[in-house]
Every structure is written in structure tokens, then in C-alpha cells.
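Undergrad: My questions concern the predicted model and sequence given below.
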Amino acid sequence: MSEAIKATSALEGFASTGFATVREAGLTGMITLRGDLADKALVKAVKDATGAAMPEQRKITTGKSGKVAWMSPDELLLVVDHAEAPGIVDALSTALKDQFAMAVNVSDARVMFEVSGEGAAPREVLAKLAPVDLATESFGVGDVRRTRLAQVAGAFWVEEDGAFRVVAFRSVAQYVGDLLAQASETGSAPEYL
């Protein structure tokens, strides 16, 4: 008889503190949903799954059961409780069985980091790594970007408390963690901080 395999996050316990703090966020449910984002059945299925409204382009919305991030004209990322992700995929698949849509649980293929700190510190860490205007008037709560983090693909958004959530492929988790840690090292903050 085999034992059940316990899910673990990519870099369980990873943390680094400099002028900003970087930590791996632990097990996080992530679902890629592809389809016609204007389709009423898809909009309803997303709302039922997360409680969140359909986000506009380059936006993220929050509901009682999760977040919904716009990733491309036909793709969303649903961020939910890790244990709930398989059931949500099943519910989405059932609700969208007559639609040209696809829901896939990518939780174990992704990693999420949190970058936090005082004032603009988290913004300065991400500004070192991504070609995105991170000035507060250009990128605020509710904005999301799918971009590059140095040499790899990633996405990020800013939370109400000013901390950033950063998503990348699990296969490059160590690289992204080290990259964020290096960008936040004590003494490397811009002089105007």
C-alpha cells in the first residue's frame, strides 16, 4: 500500500530580509482559465468560483473565495485556496462544458512570492527586475502585469497593504527567489528611499 504524497511548496520556508522582505508564499491554488472572457457563462462561472468580478485588461479583482487576474485577451489566472483548486476546476469544467473553454489546475506548476517592506521598497525591488513603470500613479492596487523578471516569465500585482505578489513557474523558483533576494539586499536600495 502506498502512502499519500503530501503537497509541498516550491521553496518551503524561503525568506530573505534586506531593505525589503521576500518570502515564498506557500501552497497557493492557481487555475488557468482560457476562453471567451465576454461569454456570460464564463463570467458567471468565474463569479461562482471566486466571488470576484471579471477583471478588465491588466487588472485583478478580489472576491470572497479568491482573486481573478487578467493574463491575456482569452486567459485568466484564478488564485484560490490550494486545497479547493481541484474542486473549482471540476466546477468550472462542468459549468463550461458547452463552451469553448479550458480550466487547468496549475497550482503545483507555479510558485508565489511576497515582497513586502516600508514605503516604496517592494516597488523598488520589482523595478530592478521588470520593464514596468511601477510609480504609484501608474501601477496601483488592482493592477497586474505579466512580464519578465530578469530572464524568466512572471506576473505580479500589488496588494492593499503595499506588498507585491509575484508568480513564476515552479521550475525557476530558486532563480526567482534568489533574484528577488538579491534585488532587496541591504545597501542596494535607491538612494532616494
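TA: Alright, I've got the coordinates. Bear in mind the structure is a predicted one, so any value in this text is a computation, not a measurement.
Undergrad: rest of the way, CA atoms for contacts and neighbours
TA: Noted.
Undergrad: And for Val158, nearest residue in space, chain neighbours not counted?
TA: Leaving out its chain neighbours, the residue that sits closest to Val158 by Cα to Cα, 6 or more residues apart in numbering is Phe164, at 4.3 Å.
Undergrad: Would you agree that neighbour is in contact with Ala120?
TA: No: assessed by Cα atoms under 8 Å, Phe164 is found out of contact with Ala120, at 10.8 Å.
Undergrad: For those two, indicate the residue with more neighbours.
TA: Legend: neighbour count by other Cα atoms under 10 Å for Phe164 and Ala120, higher for Phe164 (22 against 16).
Undergrad: Tell me how far that one lies from Gly140.
TA: Using Cα to Cα, to the nearest Å, Phe164 is found at 10 Å from Gly140.
Undergrad: Give me the common contacts of the two.
TA: Residues touching both Phe164 and Gly140 (Cα atoms under 8 Å, 6 or more residues apart in numbering): Val158.
Undergrad: For the residue nearest to Val158, give me the pLDDT.
TA: Looking at Phe164, its pLDDT is 97.
Undergrad: doesn't Glu75 make contact with Gly35?
TA: Yes: the criterion here is Cα under 8 Å, and Gly35 meets it with Glu75 at 6.5 Å.
Undergrad: the helices in this structure, which residues?
TA: For the chain, applying DSSP state H gives helices covering 40-50, 85-95, 121-127, 173-183.
Undergrad: Thr28: which of those helices is closest?
TA: Closest of those to Thr28 is helix 85-95, at 8.9 Å (criterion: Cα to Cα).
Undergrad: The closest residue to Met102 other than its chain neighbours: neighbouring residues, count only.
TA: Nearest non-adjacent residue to Met102, counting by Cα to Cα, 6+ apart: Arg34, 5.2 Å away. Residues near Arg34, counting by other Cα under 10 Å, number 19.
Undergrad: Am I right that Arg34 is in contact with Pro73?
TA: No: Arg34 lies out of contact with Pro73 (Cα under 8 Å); the separation is 9.1 Å.
Undergrad: what is in contact with those two at once?
TA: Counting by Cα under 8 Å, 6+ apart, nothing touches both Arg34 and Pro73.
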